[in-house]
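Chemist: Fold the following and give me the result.
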Amino acid sequence: MKTFHKLLLILFCLFFCSSAFSQTDIDKKALLKQGVALNDSGKYDEALAKYSQIIKADPYYENAYYETAYTLSAQGKEKDAIPFLVKLLALNPNSAEGFDMLGNIYDDLGQSDKAIEYYLQGIKVDSGYQRLHFNLAITYYRIKKYPESEEAAIHAIKLDPKHASSQRIYAMATYKEKKRGCSLMAWCSFLLLEPQSKRSSEAMAYVKNIINYGITRKDEKSINISVNPDEGAGNLMMPMAVSTALDGKKNLSAVDSVQLQLKSLFEIGSTIADDKVKPFANNYYASYFENLAKSGNMPAFARYITLSLYKEENLAWFKDHDKELKDFQKWLSETKRDF
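Modeler: Reported below is the predicted structural model:
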């Protein structure tokens, strides 16, 4: 009989403890959700109070440390956020998010070496976390390590090809390396993803700069080409392709000129990529844009990527060329890009 009573007592305790822990979990999740909502509303101190309540109840609740650090960073209290991220990584050494935020904080504090250290540690534990590669590319770019920035950006693009900012940092890094063909095609890829923004206008400025690089026009018949021969075959070919693209053509609109010039460059995409050692640009960019140049969709493409500069003109063109727009959209959806 005593054994039976003991068994009932044990079962009761197990049931009660299980219910209590379950209720605690529900409360923690609810508090965390409330804290996140408060943070999103800009009520940072109230959000921090919610997270503090969770940590007091359960010092091992990882998410509360992360969200605390996130809110402190949003307040500009990045140094105060660091201990919470250190605690998070002590609890979970595989937290890619924790390494990423620590890297971001140290980068913002001007401690680039430490930022890179945390990004690389994060990549070691979770190489599939795209933001680590992207932010590593940003930091390398800031300290003028452009080849390293390019390499990190390649990893970021492979993990998320539709992340416009990764295309952008690759374009910026390769531009600094004087890989103008790679940069041009990356800017065009960025513009396919983000055609109408402040950054789009910046991207088009780069595109025009690259198109016109090394070309001096005195008049329609007098063109001088001046490029450093040490910069590689790709860079040498680009101004020659651009200068011949407009030969004999008059009264072209700005968009039509861009279209013809880009078409001439895309047709020699593998040459201007000049990426034999690391064939990413050849595989991912050159093949894609060579296919585009042959597809008959260049007029729609040029209108699309120049929307930030000639919005009304281009929207009117699309309205009058519905078939061309649909053909271009179909081509985009059906054409795959390989790495």
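
Chemist: can we go C-alpha only for contacts and neighbour counts from here?
Modeler: OK.

Chemist: For residue 37, which three-state class applies?
Modeler: For residue 37, the secondary-structure state derived from DSSP: H, G, I helix; E, B strand; the rest coil is helix.

Chemist: ok, the closest residue to it other than its chain neighbours - contacts?
Modeler: In space, not counting the residues next to it along the chain, residue 37 is nearest to residue 47; the distance is 7.8 Å by CA to CA, 6 or more residues apart in numbering. For residue 47, the residues meeting the contact criterion (CA atoms under 8 Å, 6 or more residues apart in numbering) are 34, 35, 36, 37, 38, 39, 71.

Chemist: Residue 47 and residue 84: what is the separation?
Modeler: For residue 47, the distance to residue 84 under the criterion CA to CA, to the nearest Å works out to 15 Å.

Chemist: what pLDDT does residue 167 get?
Modeler: You'll see residue 167 listed with a pLDDT of 98.

Chemist: Please disregard the earlier target; I meant residue 1.
Modeler: Value for residue 1, per-residue pLDDT: 48.

Chemist: Check residue 308 too.
Modeler: The predicted local distance difference test score for residue 308 is 97.

Chemist: isn't it right up against residue 195?
Modeler: Yes - with contact defined as CA atoms under 8 Å, residue 308 reaches residue 195; the gap is 6.4 Å.

Chemist: what distance separates the start and the end of stretch 213-232?
Modeler: Start-to-end, stretch 213-232 (CA to CA) is 14 Å.

Chemist: mean confidence score for it?
Modeler: If you average the pLDDT over stretch 213-232, you get 75.

Chemist: returning to that earlier point: which SS state does the residue nearest to residue 37 fall under?
Modeler: At residue 47, secondary structure determined by three-state DSSP is helix.

Chemist: could you dump stretch 273-285 to CSV, C-alpha only?
Modeler: Once non-C-alpha atoms are left out, stretch 273-285 reads as follows in CSV (Å, rounded to 0.1, in the frame of the first residue of the first chain):
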residue,chain,number,x,y,z
ALA,A,273,35.0,39.0,-66.9
ASP,A,274,38.6,37.9,-67.3
ASP,A,275,38.1,35.5,-64.4
LYS,A,276,40.1,32.4,-65.3
VAL,A,277,41.6,31.8,-61.8
LYS,A,278,38.3,32.1,-60.0
PRO,A,279,35.6,31.3,-62.6
PHE,A,280,32.7,32.7,-60.6
ALA,A,281,32.2,35.8,-62.7
ASN,A,282,32.5,33.7,-65.9
ASN,A,283,29.9,31.2,-64.8
TYR,A,284,27.5,33.4,-62.9
TYR,A,285,27.7,36.7,-64.7
